[in-house]
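S.K.: Got a sequence here, can you build the structure:
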Amino acid sequence: MAVVVVGGGVMGLSAAFHLRRADAGVPVTVLERQTPGAAASGASAAGVRVMGRDPAERALALESLRRWPGLDGELEGETSYRRDGGLRVAIDDAASSAVRAWVDEQRADGVPVEVVNERTMRGLAPGLGPSCMGGAFCAIDGQAEAMPTVRAFATAAKRHGARIEEGVGAARVIVERERVVGVETTDGRRIACDAAIVAAGAWSATLLAEHGVRLPLETHGLQMLLTVPAAKALAPVVGCFERKLSLKQLADGSYLIGGGWPALISDEAENQWDVLEESVRASREVASTVYPGLAALAVARSWAGLEAFTPDGVPALGCVPGIAGLMVAAGFCGHGFALSPAVGDILARLALGLDPREKLWQGLRLDRFAKGTT
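M.R.: Predicted structure coming up:
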């Protein structure tokens with residue numbers, strides 16, 4: 001048996017690592033058209049959260065968060081992960097009044113989120129703005145850093161024997177008699193395989209379309225801002241009800257500001273983008289309202305990642321119906337990074353014919369699109 005993984009982002013690399021760790025006798029090749037992490041994975045805000053997720057991905061997120069504290073040990077690498085909690089604040093009466101129901105609905109699925117009053121909130125994150133009225137806190141949420149995590153997965157996969165081909169993409173997945181038999185590369189080679197895992201982010205749908213597979217993805221450019229360093233002050237990841245905000249302070253003291261603000265996609269095929277000044281201004285305004293100390297800090301760098309979005313806002317995961325040996329993990333809608341440990345394990349299990357732990361992801365199956373459920 002042999003497996004080809006299409007895409008050298010965090011999902012594809014996690015799959016390669018888990019495949020080789022589970023069965024060292026299975027040849028695994030990762031095809032990455034640029035360099036590992038060059039697309040969405042490396043541009044990620046790298047939040048590691050379960051709070052606020054769609055019900056269809058909560059079990060998957062809980063399983064992934066169970067593994068994150070020990071992931072550096074598993075990979076023998078450094079992800080810069082830390083678990084300091086996640087805090088989502090309310091800055092108006094309407095949001096504040098809705099917090100209890102929002103929390104209770106998640107707690108029913110085992111998410112350890114709790115309502116916090118203003119005093120508790122300010123103890124967790126001193127420096128919050130005067131408009132912050134309390135909110136919700138999840139102690140098991142946290143953060144890592146994007147490129148260190150990508151490198152840790154890549155190094156671990158190679159250490160276990162996976163081959164990573166950089167600068168080589170997949171031109172097509174070769175299917176004969178409704179079964180995967182190989183992958184044709186962009187440099188004209190054919191790599192024989194028994195299973196192919198398509199984890200190519202925004203470019204996944206094109207590879208599947210040739211085989212009549214409907215994967216309705218829409219590509220969005222998502223902006224990130226990084227400030228100059230400041231004194232360490234903020235431990236949890238901070239979000240805001242009804243506002244686009246993801247705020248983290250990194251190990252060097254700089255603040256990473258995201259939350260889904262749009263960037264302009266200038267060339268989707270070549271992963272090229274432009275930051276929009278209006279998004280920069282709006283993002284900084286929300287961030288400074290929630291955390292006023294940011295207003296005095298200059299932006300040192302800005303960038304974007306091209307993210308694939310599904311119509312229902314949750315990823316497509318699992319086997320492609322009707323084609324033996326073809327699997328997909330795509331459409332993570334800007335919040336897939338945290339799921340990478342569990343997703344890689346599931347993909348490896350599917351490829352190797354092991355128990356795929358489907359109860360964790362049964363609402364994410366690709367066939368939901370064919371059934372018109374979105």
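
S.K.: can you pull the contacts of the closest residue to Cys319 other than its chain neighbours?
M.R.: If the residues on either side of it in the chain are set aside, Cys319 comes closest to Met327, at 5.5 Å by C-beta to C-beta, 6 or more residues apart in numbering. In short, each C-beta sits where N, CA and C put it, glycine included. Residues counted as contacts of Met327 (C-beta atoms under 8 Å, 6 or more residues apart in numbering) are 195-198, 318-320, 347, 350-351.

S.K.: Export the residues you listed as a markdown table, with columns for secondary structure and distance to Gly9.
M.R.: What follows is the contacts of Met327, written out as a markdown table (DSSP: H, G, I helix; E, B strand; the rest coil; distance: C-beta to C-beta, whole Å):
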| residue | secondary structure | distance to Gly9 |
| --- | --- | --- |
| Ala195 | strand | 18 |
| Ala196 | strand | 16 |
| Ile197 | strand | 12 |
| Val198 | strand | 12 |
| Gly318 | strand | 18 |
| Cys319 | strand | 20 |
| Val320 | coil | 19 |
| Leu347 | helix | 13 |
| Leu350 | helix | 18 |
| Ala351 | helix | 17 |
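
S.K.: about what we covered before: partners of the helix or strand hosting the residue nearest to Cys319, with directions?
M.R.: Assigned by DSSP states H and E, Met327 belongs to strand 326-330. Using DSSP bridges, the strands paired with strand 326-330 are strand 195-198 (parallel), strand 316-319 (antiparallel).

S.K.: in terms of contact, does Leu87 touch Val237 like I think?
M.R.: Yes - counting by C-beta atoms under 8 Å, Leu87 does reach Val237; the two are 7.1 Å apart.

S.K.: just to revisit the earlier point, mind saving the C-alpha coords of the strand holding Met327 as PDB?
M.R.: Taking C-alpha atoms only, strand 326-330 is exported to PDB below (Å, rounded to 0.1, in the frame of the first residue of the first chain):
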ATOM      1  CA  LEU A 326     -10.000   9.000  -2.000                       C
ATOM      2  CA  MET A 327     -10.200  11.200   1.100                       C
ATOM      3  CA  VAL A 328     -10.600  14.900   1.600                       C
ATOM      4  CA  ALA A 329     -10.000  17.400   4.400                       C
ATOM      5  CA  ALA A 330     -10.900  20.900   3.200                       C
END
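
S.K.: pLDDT of that strand, averaged?
M.R.: For strand 326-330, the mean pLDDT works out to 98.

S.K.: How far off centre is that strand?
M.R.: 15 Å (C-alpha atoms, centre = their mean, to the nearest Å).

S.K.: So, low pLDDT: which residues of the stretch 101-250 of the chain?
M.R.: When residues are selected by pLDDT under 70, none of them lie in the stretch 101-250 of the chain.

S.K.: mind giving me the domain ranges of the chain?
M.R.: By the assignment in automatic domain parsing, the chain contains the domains 3-65+146-217+312-370, 86-139+218-309.

S.K.: re the thing from before, roughly how far apart are the residue nearest to Cys319 and Ala235?
M.R.: 38 Å (C-beta to C-beta, to the nearest Å).

S.K.: Kindly report the same for Leu306.
M.R.: 31 Å.

S.K.: for Leu75, same thing?
M.R.: In terms of C-beta to C-beta, Leu75 sits 24 Å off from Ala235.

S.K.: Comparing the two, which shows the higher neighbour count?
M.R.: Leu75 (22 against 18; other C-beta atoms under 10 Å).

S.K.: So that one is in contact with Phe153, correct?
M.R.: Yes - between Leu75 and Phe153 there is a contact under C-beta under 8 Å: 6.4 Å.

S.K.: need the helices for this structure, in chain order.
M.R.: 10-22, 40-43, 55-67, 71-75, 93-107, 118-124, 146-159, 204-209, 277-290, 340-352, 367-370 (DSSP state H).

S.K.: Identify each buried residue in the first one, please.
M.R.: Of the residues in helix 10-22, those buried by neighbour count under the rule 16 or more other C-beta atoms under 10 Å are 10-21.

S.K.: want to throw the residues you listed into JSON lines with pLDDT and distance to Arg177?
M.R.: Shown next, in JSON lines, are these (pLDDT from 0 to 100; distance: C-beta to C-beta, whole Å):
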{"residue": "Val10", "pLDDT": "97", "distance to Arg177": "33"}
{"residue": "Met11", "pLDDT": "97", "distance to Arg177": "28"}
{"residue": "Gly12", "pLDDT": "97", "distance to Arg177": "26"}
{"residue": "Leu13", "pLDDT": "98", "distance to Arg177": "31"}
{"residue": "Ser14", "pLDDT": "98", "distance to Arg177": "30"}
{"residue": "Ala15", "pLDDT": "98", "distance to Arg177": "25"}
{"residue": "Ala16", "pLDDT": "98", "distance to Arg177": "27"}
{"residue": "Phe17", "pLDDT": "98", "distance to Arg177": "31"}
{"residue": "His18", "pLDDT": "98", "distance to Arg177": "28"}
{"residue": "Leu19", "pLDDT": "98", "distance to Arg177": "24"}
{"residue": "Arg20", "pLDDT": "98", "distance to Arg177": "28"}
{"residue": "Arg21", "pLDDT": "98", "distance to Arg177": "31"}
